[in-house]
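A.B. asks: sequence first, then the predicted structure:
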Amino acid sequence: MIKLRFISRVALIVALLSVFALSITAQSEENVLRVNWGPNDIPSLDPSDATDVSSIQIIVELFPGLTRINEVTLENQPGMALDWTVSEDGLTYTLNLIEDVPWVKYNMETGEVEEVLDDDGNVRYVTAADFAYGMQTSMDPRTGSYYGGILATWIEGGADFNGALDGLAEDASEEEAAEAVAAAAEGIAVTVIDDYTLEVVASQPAGFVPQILGMWMSTAKPQWVEEEFGDAWTEPENIVSYGPFALSEWLNGERLTIVRNPFWPGTDTIPVPTLDAVTGVMLETSAALANYEAGLLDTTGVPSADLDRVLADATLSEEYSTGPDTCTFYLMFNTTIEPTNDVRVRQALSMAINRQDIADFILRPSEPAFFFTRPSLAAAPTAEEYPELIIGEDDEMANELITSYLEENGLSEVPTITFMHSAGSGTGPLVAAAALEMWNDALGGVVNIDVSTQEWAVYLETTDFPETAPNVWYLGWCQDYPDTNNFLFDVLHSSVAVNGSGWSDEEFDALLSEAQVLTDLEEREALYAQAEYIATTRDAMMINLVYDLTSNLTKPYIERPYGSLGNTYYEYWSISN
Amino acid sequence: MTSFIIRRMLSMFVVLIAVSALTFFFMKLIPGSPFDGEKNVPQAVIAQLEAKYNLDAPGWVQYLNYMDDLLIPRITGETIPPTSRGVVEDYLVNIQIPFTDRVVRWMNFGPSYRSSSRTVNSIFKAHLPISFQLGVAAFTIAVVIGIPTGVAAALRRNTWVDYASMSIALLGVSIPAIVSGPILRYIFGVQLQWVPPTGWGTPEQVILPAIALGFGSSAILARLTRASLLQVMNEDFIRTARAKGLSERVVVSLHALKNSMIPVFTVMGPMLAALVTGTFVVELIFGIPGLGEYFITSIGTRDYPVIMGTTLLWGTFLVVANLLVDILYGFLDPRIVY
């Protein structure tokens, strides 16, 4: 009797444990993709405010833009705009929108996505006016949107509108600000021709204007909702959207879920999703990896500390994928203080860096970079095509340059170089140590560096101005849109550059301004190659270290595109059981 | 006792005012604005954003506005529209006045600058209960393991019980959660899969983070209990009690233990306050949506209302915990009278 009771108790415990184990490890049974949005809560779902990758990833699913960049081919394609025409002078864009796309809202009580009705009970559809409102809000100086500022430079009248408050006195009242803004708003060249036709006049004829019009800060926004709820309009109980997915659940700091919008009509470039929903947690990467290994996530990034283990593991190495990502990591020089004010010192230091070693051991995974612009961008010159223009890695030449510098100044050692990275950076100290070792090995021990750190926000301020910036500092730049203009012009052109280098060059600026308004990619590339030469080789105002690569694990039952855009489009993902 | 409590609560209030003023002052000294980012926005735009949140007023005016929103109740209609610049106003206490459509509202901790759709109150409501539950679980582990271990070690001094428990306690104090957390997560969550590696909401998700968090605290309590009990056991009155013929069990449990608990309780008060307001590292490792993250990230992002709110919250828990400990003293040591 006792034995039987004992056995049945044990059996019960074993059964319970296996139910536990099964429930933890079972692959998601419904058609729901399980992802990790990233550590910390999503900062903002407002298309005007968003600057970080996780917010933008969700915004592009809820509020697709006028155009869309294919994440694999990086070509610009139609989005909410079916097609568009450009005037002869390349300035006036007339965009024809998809018709009958309703605004929708997730009903928490019924668990269904519903169309939004206006006061008369009719369905509200997305119209050109919604896009005009979205663009204007983003460019409004009172919104404080960085990407709105970029949009404003490309729309006729936008720069004046975005700068409408520049002339106001410091203690100007809210009413005065509103008046100034309203006055400048008249000049914005965005016109609603009819419900589904939008006319935008660009400030300059550039081939990538359609890309900028397709970015998140240029999408349609629901004016009536934003006016009613203010900043809280993006909360799950208030938000309305129109894209292939709708927000169903947002537990701050824990989970955000988007469900398929049954009212999304589907287009060639933005199809109807096959997934029922995408549910994402908000974990830091090593916690996400633990979940992936336990079978609770379908895809995750890989922290570089775990990279070796993943590549050595039989199963995980099969599920691993890597490809071009969006950033260039670099060291920048302050050209106004000694000793980095001498171009020979800068060139020598650049030539003495072994970028392949940095890519293999320090900043993993990545590949060596000579030009600032990432090679896969439109009109980007590459080191393979222009080998004579890159600075190269040449220890002998570097030694000659340093010797020439030392002799001319009667020194035996290069004066101490101050090197800074941000305090929280895991890779900063490694880069500093690697750089020092490489410089001393190549240059015979005449280089001394003094490494210091600052908290991130303070670091950015310090390295923004030549008066405060150290000799060398470590930063990265990640693309906003896949065109060379976003790297060379938006970061380094003297009219917009904010950095501590104290460097500018008229010829460099002129090349960029010229290339900006050409449409032939080969012509633009040739000009950009010259510009890269000036900045990174002739004047060596920066040392480009590496282009980063993506590092992901994806379960074998997932079918997905492997893109290099920074965000992905879940309409193209599916779960095959 | 009652007048003691009332007097204490008044002084607690003064302490919290001082904490708020000091925090505000130091917070404003940190260079950098909440609206400077990696992406450079023109100065005029930053000025506009600062105006939206009244950051262009002089420092003392901003402080008084903050305290006014926090401490002075106000009466409004049934819904509160956002301000003309879109800022959300959210109050912790909302009491409807009967027979009218007016509502008394109190305690507005302000909006979050980083997540503009949220307010500090909504952050508290969403995340404090979770941190509180984790903190209580970790505290329970700390007390249930730590104090008996310390007592056993003291009573069996210089035996294997003492050596073993104090060695384990040394490990607990030395190994930080950032090391023990991922190890526990990997062994029990990924390899053995006895529990989910991260997350919060089901009972099995409490186990690993509570252990990672509680073990270090239990070690502190064990060592302190042992030291304190040893000291009390050497006191004259214990010798007297034994001389009176009382059994060792009675001597320890009735006389020694209560007196030895005073330093332990002193430590337990702030320990509980720290645990329930959220711990950054354990919550990050185990993906627990608690309040710990907000303490740390708000400083990096210069999210002033969140910095003030989290600091005042911790301050409040701390002074309340200390008050409770002081009241408990009265029961532990009859010589203490209020």
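C.D. replies: Thanks, I have it. On a predicted model such as this, the values are computed, not experimentally measured, just so you know.
A.B. asks: next to chain B, which bits of the stretch 401-550 of chain A? Give me the list.
C.D. replies: Neighbours of chain B within the stretch 401-550 of chain A, by C-beta under 8 Å from any C-beta of the partner chain: A:424, A:455-458, A:460-461, A:464, A:498. The C-beta positions use only the backbone N, C-alpha and C, and glycine is treated the same way.
A.B. asks: change it to 6 Å
C.D. replies: With C-beta under 6 Å from any C-beta of the partner chain as the criterion, the stretch 401-550 of chain A meets chain B at residues A:457-458, A:498.
A.B. asks: give the contact list for A:G207.
C.D. replies: If a contact means C-beta atoms under 6 Å, 6 or more residues apart in numbering or on different chains, then A:G207 has A:T519 as its contacts.
A.B. asks: now the residue in the stretch 451-577 of chain A that chain B sits nearest to: which helix or strand?
C.D. replies: Here the stretch 451-577 of chain A gets closest to chain B at one residue, A:A457, 4.0 Å apart by C-beta to the nearest C-beta. Element membership for A:A457 (DSSP states H and E) is helix A:456-462.
A.B. asks: could you identify the helix or strand that succeeds that helix?
C.D. replies: Helix A:456-462 is succeeded, C-terminally, by strand A:472-478 (DSSP H and E).
A.B. asks: run through the neighbouring helices and strands of the next helix-or-strand element following that next one.
C.D. replies: Elements were assigned by DSSP H and E; along the chain past strand A:472-478, the next helix or strand is helix A:484-487. In terms of contacts (3 or more C-beta pairs under 6 Å, 6 or more residues apart in numbering or on different chains; DSSP states H and E), helix A:484-487 is not packed against any helix or strand.
A.B. asks: quick check, distance from helix A:484-487 to the centre of its chain.
C.D. replies: Counting by C-alpha atoms, centre = their mean, to the nearest Å, helix A:484-487 is centred 13 Å from the centre of its parent chain.
A.B. asks: only alpha carbons, please: show whichever helix or strand comes after it as CSV.
C.D. replies: Next along the chain after helix A:484-487, taking DSSP H and E as the criterion, comes helix A:506-517. In CSV, the C-alpha atoms belonging to helix A:506-517 read as follows (Å, rounded to 0.1, in the frame of the first residue of the first chain):
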residue,chain,number,x,y,z
GLU,A,506,36.0,74.6,-48.4
GLU,A,507,36.8,72.1,-51.1
PHE,A,508,35.3,69.3,-49.0
ASP,A,509,32.2,71.3,-48.4
ALA,A,510,31.9,72.2,-52.1
LEU,A,511,32.2,68.6,-53.2
LEU,A,512,29.4,67.5,-50.8
SER,A,513,27.1,70.3,-51.8
GLU,A,514,27.6,69.5,-55.5
ALA,A,515,27.1,65.7,-55.0
GLN,A,516,24.0,66.3,-53.0
VAL,A,517,21.9,67.6,-55.9
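A.B. asks: list the buried residues of helix A:506-517.
C.D. replies: Of all the residues in helix A:506-517, those buried under the rule 16 or more other C-beta atoms under 10 Å in any protein chain shown are A:508-509, A:511-512, A:515-516.
A.B. asks: for it, what is the average pLDDT?
C.D. replies: Mean per-residue pLDDT for helix A:506-517: 94.
A.B. asks: that older thread, now distance to B:Q48 too, for the buried residues of helix A:506-517, in CSV please.
C.D. replies: Conversion of those to CSV gives the following (distance: C-beta to C-beta, whole Å):
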residue, distance to B:Q48
A:F508, 32
A:D509, 29
A:L511, 34
A:L512, 29
A:A515, 33
A:Q516, 28
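A.B. asks: rank the residues of the stretch 401-550 of chain A next to chain B by pLDDT and give me only the lowest.
C.D. replies: Per-residue pLDDT puts A:A457 lowest of those, at 86.
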